[in-house]
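# Have a look at this prediction, sequence included:
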Amino acid sequence: MMGAEHPSYMRLGLKHKRGHPLEHGPFASYVARDTDRKAEMSRKTYAQLAAEAAERIIEIMPWDVPDFMEDTPDALMLDIREREEFARVRIAGSLNVPRGILESAAEWNYAETEPELVSARDKPVLVICRSGNRSALACEVLTMIGYSDVRSVKLGIKGWNDADQDLVDEAGNLLDGDDAEALLSPPLRDDQKAPSGL
């Protein structure tokens, strides 16, 4: 086969013109199925993706974490918030690996490799973010790449703070819960807000 009829042409998703041989003949059913599949797909929001991931993973409530950590001293508390978020406020002793580099940090031989995380593949790993959404998605990925016991801290570090659990700043100083809340919830800029009518 040559040109537009070649299967690699189809895999690349190259467009064809009306009346092109792909609309008829042996590839017609493929073109029709592909068109139907794209029409069935709908946009999902970040909140929907996180909620769906949460249904497929194990979650733990923030107030249950201290007992879990006491009963499982080799567990790793993994904070996947961005570096600047982690610098402002954190759980003492937690490991920070931002969500954006999680997959490569969880494997050997990458510039982002985090040995403590790679070594925790067969240990309990508690994953926390700001509100429990990123951590649900991260737990799903960690499970896919072979981590055997991952749990998302439901409600995130905000829920941890609401449960009056200790948080510290970058220097390790204990933070008051109200001060921590202000650091955990920076106000949205105007350009981050949805335009009216959306």
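Now that the structure is in, tell me what you want to look at.

# can you pull the contacts of Val150?
Contact analysis of Val150 by C-beta atoms under 8 Å, 6 or more residues apart in numbering lists Ile57, Ile58, Pro124, Val125, Leu126, Val127, Cys139, Leu142, Thr143. All C-beta atoms are positioned from the backbone trio N, CA, C, and that covers glycine.

# can you do 10 Å?
57-58, 76, 78, 120-121, 123-127, 135, 138-143 (C-beta atoms under 10 Å, 6 or more residues apart in numbering).

# Which of these are buried, as a PyMOL select command?
This is the PyMOL syntax for the buried subset of the contacts of Val150, where burial follows 16 or more other C-beta atoms under 10 Å:
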select buried, resi 57+76+78+120+121+124+125+126+127+135+138+139+140+141+142
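
# Quick one: neighbours of the nearest residue to Val168 once chain neighbours are set aside, just the number.
The shortest distance from Val168 to any non-neighbouring residue, by C-beta to C-beta, 6 or more residues apart in numbering, is to Ala92 (4.9 Å). Here the count is done by other C-beta atoms under 10 Å, and Ala92 has 10 residues near it.

# when you give positions from now on, start the count at 56
Yep, numbering from 56; the last one is Ala147 now.

# For Asp231, grab phi and psi.
Dihedral pair for Asp231: phi -70, psi 140, per degrees, to the nearest 10.

# Was I right to think it contacts Leu222?
Yes. Between Asp231 and Leu222 there is a contact under C-beta atoms under 10 Å: 9.1 Å.

# between those two, who's got more neighbours?
Leu222 (23 against 9).

# residues in contact with the more buried one?
When contacts are counted by C-beta under 10 Å, 6+ apart, Leu222 touches 143-147, 212, 215-216, 228-232, 234-236, 238-239.

# One more pass at 7 Å, please.
Listed by C-beta atoms under 7 Å, 6 or more residues apart in numbering, the contact partners of Leu222 are Val144, Arg145, Ile146, Asn216, Leu230, Ala235.
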